[in-house]
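Participant: Got a sequence here, can you model it:
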Amino acid sequence: MAAPTNDAPKGWLYGPAPDLLLGCGVLFMVLSAVFAVGGDSLFGSIPYVIPAVLIALISAPHYGATLLRVYDQREDRQGYFLFSVVATLALLAVAGVAMFNPLVGSILATVYLTWSVWHYTAQNYGISMMFLRRRGAPLDAGIQRLFHASFNLSFALVFVIMHGASDSVADPAREVRMMPLSIPDGASEVILPLLMVAYGVATLGWLVQLGRRVERFQDLAPPILISLLQALWWSVPYLDKQFGFAGGTVAGDWDARMRFFPWVACAHAAQYIWITSFYARASDRWQGNTRYYIKILLAGSAIWALPALLFAPGTGEFDWNFMLLLAATVNLHHFILDGAIWKLRQLKIANVLIRSRESVETSAPESPGLRKLVWAIAAIGFVATVHDLTERFVIEPAAIERQDWASLAGSLDRQQWHGKGSAFDRFKLARRLERSGDPAAAALQFEISAAMEPRVESIKRLIARYYATNDREGFVRNCDRLFELPHIERPLPTISLGAASRPEFIEFRDACVTVAEAARPLPPDQSDGAGGTGQGGLVPSRADY
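Facilitator: Residues are numbered from 1 along each chain as shown. Just a heads-up that it's a prediction; the model follows:
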């Protein structure tokens, strides 16, 4: 980037180009326009590895920027002790309980998913205010209230839609999931139009008021662009979810939200790094852009990768629950610290971001040995991240291409050490092994799949396998597993294996086989015989097993 404020034109941090592209989100808007013109075919042609690598190189470092800001210097750790230590330990304690109590995990996930909207909104609001104050815009109390209300109402719109009445997709006491407040449809139908009108009035109000008072209308370009960015990130997709008006535009289409959100997250992270790096440059310990990026990359990688290495290896139990809990914990920690440290009303922050006084004092150097140890541990997290990406996007696809199912199983085993992979991945591998004529290896993968996430199709196939091989222990165990599913009624109590030769075993066996055969079948096999990866053939979706 360009040199700090002294060399940048008045009112900018780094200069018009980087500030508009990163801080105001113009780069994201251009990308959204390209996807809108190219349509879903263009967007769908982008390999998954691209957003995954961008997340690792942009999103992860933005978490590292916060960690560096709070924990790198003794003065900051002590100054933010309530947040850096007390709140952190409290959050970790709750996350520890959530690992064993899915209901607590669901509450944690709900807070995270709701707060994330506010976090993005607050960042957009804060950066907009920074630009206005750097330009000396006449911000009286009335204009500030309208400006603040515009962003708050954008959040309120999303909140009402996010927490609207919806059918439950899982039991929050069994699986970690979002638990909407279930605002009644009747209330939403009244509240949403009022919020939409208020949002429009507040946005138009501050724009008109400031447009009349500023000397140059172009001074309003940054807050206008960021207000548009806020709408693209949140208001438009959620309103499309409610009213269905943006189909096919990718950025605004709710049906594309899950696939498109990594790009939103990267844009938010780039914006965050853009402003935090400017503040860091004002430190008397600044050592250059490259060194700064490496430090935030290592710190950000560590906070995601190391918990997985410590708590997920070899268990096969956590899968989606674990990853959602990890995301909730990391993000809530980030939100708490971010809310404490980035306040424009703080003199140190304002001196750099608004008044351009490049004089952030830092504490004396600490023990070099301890610092080296911390960074060495952080480097392990980065190595783990690289290994995870290599397994998922190099080794696994190569094994599928060669139809080398043993290598694919090894890759999935190694991914499990990172808390990655899924029951569905194991299910697809087991189906491939079935087709290749290796039922014993297939049964092993079905067992892993069923242990990670009990589903009808995996259990049905295990029941059929153990019935055919006269493996009574495996048969009874999987019958019990089948009857434990919430939508399967148990016809008989579990029997002991000692009674396996008695008539009641025959009755139990017949009931189990009957229920298994009547359970939802797999869709007709239309794959290429190897199951594929969504290319060159169809595979069962998550709902099909």
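Participant: Pull the number of nearby residues for the nearest residue to Leu157 once chain neighbours are set aside.
Facilitator: Nearest residue to Leu157, sequence neighbours excluded (C-beta to C-beta, 6 or more residues apart in numbering): Leu195, at 5.1 Å. Yep, even glycine has a C-beta here, placed from its N, CA and C like the rest. Residues lying near Leu195 (other C-beta atoms under 10 Å) number 21.
Participant: Which strand or helix spans Leu195?
Facilitator: Leu195 is part of helix 185-213, with elements assigned from DSSP states H and E.
Participant: Would you mark the buried spots in that helix?
Facilitator: Under the neighbour-count criterion of 16 or more other C-beta atoms under 10 Å, helix 185-213 has 188, 191-192, 195-196, 198-199, 202-203, 205-207, 209-210 buried.
Participant: can you redo those residues as JSON lines with pLDDT?
Facilitator: Shown next, in JSON lines, are the buried residues of helix 185-213 (pLDDT from 0 to 100):
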{"residue": "Ser188", "pLDDT": "92"}
{"residue": "Ile191", "pLDDT": "96"}
{"residue": "Leu192", "pLDDT": "96"}
{"residue": "Leu195", "pLDDT": "97"}
{"residue": "Met196", "pLDDT": "97"}
{"residue": "Ala198", "pLDDT": "97"}
{"residue": "Tyr199", "pLDDT": "97"}
{"residue": "Ala202", "pLDDT": "97"}
{"residue": "Thr203", "pLDDT": "97"}
{"residue": "Gly205", "pLDDT": "96"}
{"residue": "Trp206", "pLDDT": "96"}
{"residue": "Leu207", "pLDDT": "95"}
{"residue": "Gln209", "pLDDT": "94"}
{"residue": "Leu210", "pLDDT": "93"}
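Participant: so which of those comes closest to Leu13?
Facilitator: Leu210 (20.2 Å; C-beta to C-beta).
Participant: tell me, how many neighbours does Arg244 end up with?
Facilitator: If you look again at residue 244, you'll see it is Gly, not Arg. Per other C-beta under 10 Å, the neighbour tally for Gly244 reads 11.
Participant: Backbone dihedrals for it, both of them.
Facilitator: phi 60, psi 60 (degrees, to the nearest 10).
Participant: How about the contacts made by it?
Facilitator: Trp254 (C-beta atoms under 8 Å, 6 or more residues apart in numbering).
Participant: for whichever strand or helix holds Ala451, the distance to its chain's centre please.
Facilitator: For Ala451, the host element (DSSP H and E) is helix 439-452. Relative to its chain's centre, helix 439-452 lies at 28 Å (C-alpha atoms, centre = their mean, to the nearest Å).
Participant: Just the CA coordinates for the helix or strand hosting Arg371, please, in CSV.
Facilitator: For Arg371, the element it lies in under DSSP H and E is helix 368-390. What follows is helix 368-390, C-alpha atoms only, in CSV (Å, rounded to 0.1, in the frame of the first residue of the first chain):
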residue,chain,number,x,y,z
PRO,A,368,12.3,-12.6,23.3
GLY,A,369,12.3,-16.3,24.2
LEU,A,370,8.6,-16.3,25.1
ARG,A,371,7.7,-14.3,22.0
LYS,A,372,9.6,-16.7,19.8
LEU,A,373,7.8,-19.7,21.4
VAL,A,374,4.4,-18.0,20.9
TRP,A,375,5.1,-17.4,17.2
ALA,A,376,6.5,-20.9,16.7
ILE,A,377,3.2,-22.3,18.1
ALA,A,378,1.3,-20.0,15.8
ALA,A,379,3.3,-21.2,12.8
ILE,A,380,2.1,-24.7,13.5
GLY,A,381,-1.4,-23.4,13.0
PHE,A,382,-0.4,-22.0,9.6
VAL,A,383,1.2,-25.3,8.6
ALA,A,384,-1.9,-27.1,9.6
THR,A,385,-4.0,-24.8,7.5
VAL,A,386,-1.8,-25.5,4.5
HIS,A,387,-2.0,-29.2,5.1
ASP,A,388,-5.8,-29.1,5.4
LEU,A,389,-6.1,-27.2,2.1
THR,A,390,-3.7,-29.6,0.4
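Participant: Same question for it: list its buried residues.
Facilitator: 374, 378, 381-382, 384-385, 387-389.
Participant: Over to Glu215: give its phi and psi.
Facilitator: phi -70, psi -40.
Participant: Next: Glu453.
Facilitator: Per degrees, to the nearest 10, the backbone of Glu453 is at phi -150, psi 100.
Participant: That one reaches Ser422, doesn't it?
Facilitator: Yes: contact criterion C-beta atoms under 8 Å: Glu453 and Ser422 qualify, at 7.4 Å.
Participant: Low-confidence bits of this protein, can you list those?
Facilitator: Within the chain, the ranges that satisfy pLDDT under 70 run 1-7, 167-173, 313-320, 356-366, 487-509, 511, 513, 515-545.
Participant: In it, spot the helix with the most residues.
Facilitator: In terms of residue count, the longest helix belonging to the chain (DSSP state H) is helix 102-134.
Participant: Nearest residue to the residue nearest in space to the middle of the chain in space, please, no chain neighbours.
Facilitator: The C-alpha lying nearest the average C-alpha coordinate of the chain belongs to Ala327 (C-alpha atoms, centre = their mean; 6.1 Å). Closest residue to Ala327 apart from its sequence neighbours, by C-beta to C-beta, 6+ apart: Tyr112 at 6.9 Å.
Participant: residues in contact with the one you found?
Facilitator: 327-328, 331-332.
Participant: Can you tell me which of the residues you listed lies closest to Leu353?
Facilitator: Nearest member of the contacts of Tyr112 to Leu353, counting by C-beta to C-beta, is Asn331, at 23.5 Å.
Participant: Could you report the neighbour count for the nearest residue to Cys24 once chain neighbours are set aside?
Facilitator: In space, and not counting its chain neighbours, Cys24 is closest to Leu225: 4.0 Å by C-beta to C-beta, 6+ apart. By the criterion of other C-beta under 10 Å, Leu225 has 18 neighbours.
Participant: close enough to count as contact, Leu225 and Leu21?
Facilitator: No: here Leu225 does not reach Leu21: they are 10.4 Å apart, not a contact under C-beta under 8 Å.
Participant: Distance of Phe35 relative to Ser166?
Facilitator: 27 Å (C-beta to C-beta, to the nearest Å).
Participant: Mind listing what's buried along the helix holding Ala451?
Facilitator: 439, 441-452.
Participant: which residues are contacting that helix?
Facilitator: Counting by C-beta under 8 Å, 6+ apart, 316-317, 319, 405, 409, 422-424, 426-427, 429-431, 433-434, 455, 458-459, 461-462, 465-466, 478, 481, 545 sit against helix 439-452.
Participant: ok, now stretch 373-390?
Facilitator: Residues contacting stretch 373-390 (C-beta under 8 Å, 6+ apart): 49, 52-53, 56, 60, 295, 297-299, 301-306, 308-309, 414-415, 418, 420.
Participant: Just the buried ones among those residues, please.
Facilitator: 56, 60, 295, 297-299, 301-306, 308-309, 414-415, 418, 420.
Participant: Out of the residues you listed, which sit inside helices?
Facilitator: Those of the buried ones among the contacts of stretch 373-390 mapping onto helices are 60, 295, 297-299, 301-306, 308-309, 414-415, per DSSP H.
Participant: which of these lies closest to Glu396?
Facilitator: Gln415 (7.6 Å).
Participant: The nearest residue to the closest one once chain neighbours are set aside: neighbour count?
Facilitator: Excluding the flanking residues, the one nearest Gln415 by C-beta to C-beta, 6+ apart is Gly421, at 4.1 Å. Look at Gly421: counted by other C-beta under 10 Å, it has 24 neighbours.
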